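Undergrad: This is a predicted model, with the sequence first.
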Amino acid sequence: MTDLHRSHPDKTRRGFHAGFVRVLPDTLAARGIPAAAVWQALDLAPDEAPEDWRIPTTGLCHAIDIACNLTGELQTALHAAQAVRPLHLGPLGYALMSSAQGEDGLRMYERFQTLLCDEFLAQHRVVKGLIEIRHEPLDMPLPRHAGFWWFLIGARLSFARWVSGRDLVPVRIDLPCPRPSSADTFDRFIGVPVRYDTPDCRELMPADWLAWLNPNADTAMHQLMTTRTAQQMSQRPSGSPLLLRARLILAEHMSQGIELHLDEVVQAMSASDPELAGTTPRQLQKRLAEQGLSFKELLEEVRRERALRLLRDTAKPIGEIAHQCGYTEVSPFHRAIRRWTGLTPLQVRQQA
């Protein structure tokens, strides 16, 4: 596998960070189960986890299938998730571990999340005493794969429990996949019955989680690891926290039928993230220009990703999807879908 990486030094891939997904074959190895087939599915070798190497979601799902077949149980995905520690997340993991409060860790994760995965974006909001976190795919369908979601959501919750030293129990978990026969195992781990076959992936937690004090808080380590994490982020092709936050804000308002202008996006960024307070429209335009984008093109990207996902992954009426993508009428939405795909909205849905 090492030769493969060396022969494709410029290959651009999106997906999960190699250091994170290697916990899957490592978990098998710890149980004395040969994991060569899992390493092969991940396109990795046991002695490497290249800093810039990404494992696509499809590859991770395939590796999880192989791992579960080797053990004969879907719980293998959950066992791997429970083994995730700061080492698997790099500097970001240690920055999260040493943050002062739950809210600090959540905001830091959202700010730097593309270091872990750049095929999904997690965004949170606080509504009626609850933290609601939604996982939005970027220009790809939501996986209908129980093992994948057990691994991803299990890793998030297990890591939060480990850092906080608390038996954190969510209010609700929604997973966009069929309910597996062994679903009771994941229910027991989560602490509440999990809902399956939902339109999207959603976590609901008590808002007081934001205020819990981290027993592992370490100001010096946190500052050091945050600096290193920011350095890593700046080296990513699309690693600007400004662009990530802009995407999240545009998508969130778009879902409510609201289309924001550049100035409004900047205002929302400053209000939602203290790290971005004082950002100017000119700064956002500069970051966009560095990626070869204008604000209009960014808006178009977000609209396109959202429209295609809702058509492929939900049964919502086409008129409702058009509204949730910022269109006041259905006919311009039809024209946009045909421009992007060469198909009608109905054909996009049927092909999914």
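TA: Okay, I see it. Residues are numbered from 1 along each chain as shown.
Undergrad: Now for this protein, the helix or strand with the poorest mean pLDDT.
TA: Least confident element among the helices and strands of the chain, by mean pLDDT, DSSP states H and E: helix 2-7 (a mean of 39).
Undergrad: Could you point out the helix or strand that follows that helix?
TA: strand 16-17 (DSSP states H and E).
Undergrad: tell me the average confidence for that following strand?
TA: In this model, strand 16-17 carries a mean pLDDT of 94.
Undergrad: other SSEs contacting that strand?
TA: strand 54-55 (3 or more C-beta pairs under 8 Å, 6 or more residues apart in numbering; DSSP states H and E). For every residue, glycine as well, the C-beta is placed using N, CA and C.
Undergrad: so what strands line up beside the strand it packs on?
TA: Strand 54-55 has its sheet partners listed here by DSSP bridges as strand 16-17 (antiparallel).
Undergrad: Quick one: distance of the strand it pairs with to the chain centre.
TA: 10 Å (C-alpha atoms, centre = their mean, to the nearest Å).
Undergrad: which is the next helix or strand following it?
TA: As assigned by DSSP H and E, the chain's next helix or strand after strand 16-17 is helix 18-21.
Undergrad: Report the distance from that following helix to the chain centre.
TA: On C-alpha atoms, centre = their mean, the centre of helix 18-21 falls 14 Å from the chain's centre.
Undergrad: That one - contacts with which helices or strands?
TA: The helices and strands touching helix 18-21, judged by 3+ C-beta pairs under 8 Å, 6+ apart, are strand 54-55, helix 86-89.
Undergrad: Now the next helix or strand after it: buried residues?
TA: Sequence order places helix 23-30 as the next helix or strand after helix 18-21, per DSSP H and E. For helix 23-30, the neighbour count (16 or more other C-beta atoms under 10 Å) marks 23-28 as buried.
Undergrad: any idea of the mean pLDDT in helix 23-30?
TA: 96.
Undergrad: Trp39 sits in which helix or strand?
TA: Element membership for Trp39 (DSSP H and E) is helix 36-42.
Undergrad: what packs against that helix?
TA: Using 3+ C-beta pairs under 8 Å, 6+ apart, helix 36-42 sits against helix 23-30, helix 57-71.
Undergrad: can you pull the buried residues of that helix?
TA: Under 16+ other C-beta under 10 Å, the buried positions of helix 36-42 are 37-39, 41-42.
Undergrad: What of stretch 62-69?
TA: Applying 16+ other C-beta under 10 Å to stretch 62-69 flags 62-68 as buried.
Undergrad: Most widely separated two among the residues you listed?
TA: Distance extremes for the buried residues of stretch 62-69: the farthest pair is His62 and Cys68 at 11.0 Å, using C-beta to C-beta.
Undergrad: roughly how far is stretch 19-32 from the heart of the chain?
TA: Worked out by C-alpha atoms, centre = their mean, stretch 19-32 lies 21 Å from the chain centre.
Undergrad: show me where pLDDT drops low in this structure?
TA: For the chain, the stretches with pLDDT under 70 are 1-12, 49-51, 139, 237-241.
Undergrad: quick one, domains of it?
TA: Using automatic domain parsing, the domain ranges for the chain come out as 2-87, 89-211, 240-351.
Undergrad: how about those, which one is nearest Thr229?
TA: Each of these has some distance to Thr229 by C-beta to C-beta; the shortest is domain 89-211, at 4.5 Å.
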